[in-house]
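In: Provide a 3D model corresponding to the input given below.
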Amino acid sequence: MIADFSDNEIAPKAEHLDESQGLPTDTISQLGELGMLGLTIPQQHGGAELDLLSACLVVEEISRCCGSTGLVLATHLFEGTAAIMNLADDAGHQRWLPKMATGETLATFALAEVEAESDASGITCAVGQEPDGYSLHGKKTWVIAGAMAGLVTVVARNGEDQLQDLGAYVVDPKTDGCSREPLKDVLGLRGSGFCDIQFDGVRIDATSYLNRDNSGWQGLTRVVEMSRLGAAAVILGVARGAISHALNYASERVAFGRTLDRFGSIREMLAEAATGVESARLLLWRAAGLYDSGKSAVREASMANLAAKQAAYRATRDAVQVFGGNGYSREYPVERSYRDVQTAAPFGGGEDLQKIIVSRSLTGVRS
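Out: Reported below is the predicted structural model:
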């Protein structure tokens, strides 16, 4: 169903979404009607209560036709929903999850700052204690779907300790003191609603502080791990789409009296690209399966994220090469695929960070 929806409803809009740098508002609403925004939310709160592997498959299929729409959906499922489900109490679940499940509320997660991208200890966004809750001050950057989200879980500090005093706070971006600045003219994923969000004394009620067990950064890592799965699913979906376009083009384009797919060098590029992407998909599905079975998969999530990026770089690069000069033209979709994969590189953490996490887990070194 989702594959057909992606082909028939999303693909025709993808080019315009990229060129206009608009928002996939209508498409996200349609996905909400199909129940896709509540995939991982328990049935008691109106969701489908499916596993992370199913969510990965859905995000892949959406991203295959439009990376921007796939990224918005992935952020809602793997970050916005994950934050509420893993950090909120039962009252919080009842308060936020039903509207998130129906698509009435799109959720996102605000972690990065200009001086604190992969280094959580550098976060300066902070909360102050108020008689009836908190006040939030600071600025978050590169908030995915921030321009269209109705709920933002913000990581901020409530003390001086670099990591222990970090917490998660749910904010309605329409609250007084909260302002959004769209990020335009980015390289790719131009329809993902990137924005900076400024918080100038935004008032938050006491029940919107999620991890009140004072677990600090440790309590937030589960959401960060989920974000690595979502990013990998988007990247692999985009790469699969690029390979499909390259295959179709190679079967039709004639050079020297035969179609391109009759040339050994073209076949070799396509074979290696497809093998790399399928290998990374298996790593992603394994990591998701481990989480679904209740096991830890920190290393596996980083491996999947790293493998997805490396495989997608090669797949989209080779797809452009198959198209020849046409591959550099915006009239052909592989140009957009290449830009989208490059832009997705930081999400879930860059390649260097994933290598550090994997190597630490292999050697037992923690610093």
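
In: pLDDT of the helix or strand H245 falls within, averaged?
Out: Assigned by DSSP states H and E, H245 belongs to helix 216-252. For helix 216-252, mean pLDDT rounds to 94.

In: mind listing what the residue nearest to A101 when sequence neighbours are not counted touches?
Out: Leaving aside its sequence neighbours, A101 sits nearest to G38 (C-beta to C-beta, 6 or more residues apart in numbering; 3.0 Å). Glycine gets a C-beta too; all of them are placed from N, C-alpha and C. Neighbouring residues of G38 by C-beta atoms under 8 Å, 6 or more residues apart in numbering: 32, 45-48, 100-103.

In: Widest-spaced pair of the residues you listed?
Out: G32 and H45 (14.3 Å; C-beta to C-beta).

In: how near is the residue nearest to V334 when sequence neighbours are not counted to A242?
Out: Leaving aside its sequence neighbours, V334 sits nearest to A319 (C-beta to C-beta, 6+ apart; 4.3 Å). For A319, the distance to A242 (C-beta to C-beta, to the nearest Å) stands at 4 Å.

In: same question, K140
Out: On the measure of C-beta to C-beta, K140 and A242 end up 31 Å apart.

In: ok, these two, which is more surrounded?
Out: A242 (31 against 26; other C-beta atoms under 10 Å).

In: what residues are up against that one?
Out: Contact analysis of A242 by C-beta under 8 Å, 6+ apart lists 315-316, 319, 333-334, 337-338, 341.

In: Can you go through those and name the buried ones?
Out: By neighbour count, with 16 or more other C-beta atoms under 10 Å, these hold 315-316, 319, 333-334, 337-338, 341 as buried.

In: Just send these back as CSV, with pLDDT, secondary structure and distance to G348 too.
Out: Converted to CSV, these look like this (pLDDT from 0 to 100; DSSP: H, G, I helix; E, B strand; the rest coil; distance: C-beta to C-beta, whole Å):
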residue, pLDDT, secondary structure, distance to G348
A315, 98, helix, 18
T316, 98, helix, 18
A319, 97, helix, 23
P333, 96, helix, 24
V334, 98, helix, 23
S337, 98, helix, 19
Y338, 98, helix, 19
V341, 97, helix, 13
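
In: measure the residue in the chain sticking out farthest from the centre to V322 for me?
Out: When distances are taken from the C-alpha mean of the chain, G257 lies farthest, 43.6 Å away, according to C-alpha atoms, centre = their mean. In this view, G257 and V322 are 18 Å apart by C-beta to C-beta.

In: what number of residues lie near the nearest residue to L210 once chain neighbours are set aside?
Out: If the residues on either side of it in the chain are set aside, L210 comes closest to L87, at 3.8 Å by C-beta to C-beta, 6+ apart. Per other C-beta under 10 Å, the neighbour tally for L87 reads 22.

In: what does K99 give?
Out: K99: 18 surrounding residues under other C-beta under 10 Å.

In: Same check on L166?
Out: L166: 25 neighbours (other C-beta under 10 Å).

In: What of the one 4 residues further on?
Out: The tally of other residues near V170 (other C-beta under 10 Å) stands at 23.

In: and if you look at A287?
Out: 27.

In: and it, what helix or strand is that in?
Out: helix 264-292.

In: is it true that V238 touches A344?
Out: Yes. Contact between V238 and A344 holds when scored by C-beta atoms under 8 Å: they sit 7.4 Å apart.

In: isn't there a strand covering E181?
Out: Yes. When DSSP: H, G, I helix; E, B strand; the rest coil is applied, E181 is found to be in a strand.

In: what's the distance between it and G146?
Out: Distance of E181 to G146, computed by C-beta to C-beta: 9 Å.

In: Now do the shared contacts for the two.
Out: The contact sets of E181 and G146 overlap at 195-197 (C-beta under 8 Å, 6+ apart).

In: Among those residues, which lie within strands?
Out: If you go by DSSP state E, the shared contacts of E181 and G146 have 195-197 in strands.

In: picking that back up, read off the pLDDT value for the residue farthest from the centre of the chain.
Out: In this model, G257 carries a pLDDT of 93.

In: Over to L187?
Out: L187 is given a pLDDT of 97.

In: now do S118
Out: For S118, pLDDT reads 77.

In: can you count the residues close to the residue lying closest to it once chain neighbours are set aside?
Out: Distances taken as C-beta to C-beta, 6+ apart put L353 closest to S118, at 5.0 Å, once the chain neighbours are dropped. Counted with other C-beta under 10 Å, the neighbours of L353 add up to 18.

In: Show me what the helix or strand where L353 lies is packed against.
Out: Using DSSP H and E, L353 falls within helix 351-363. The criterion is 3 or more C-beta pairs under 8 Å, 6 or more residues apart in numbering; DSSP states H and E, and the helices and strands that helix 351-363 contacts are helix 298-323.

In: now the angle from the helix it packs on to helix 351-363?
Out: On the basis of axes from the mean of the first three to the mean of the last three C-alpha atoms, to 10 degrees, helix 298-323 is oriented at 140 degrees to helix 351-363.
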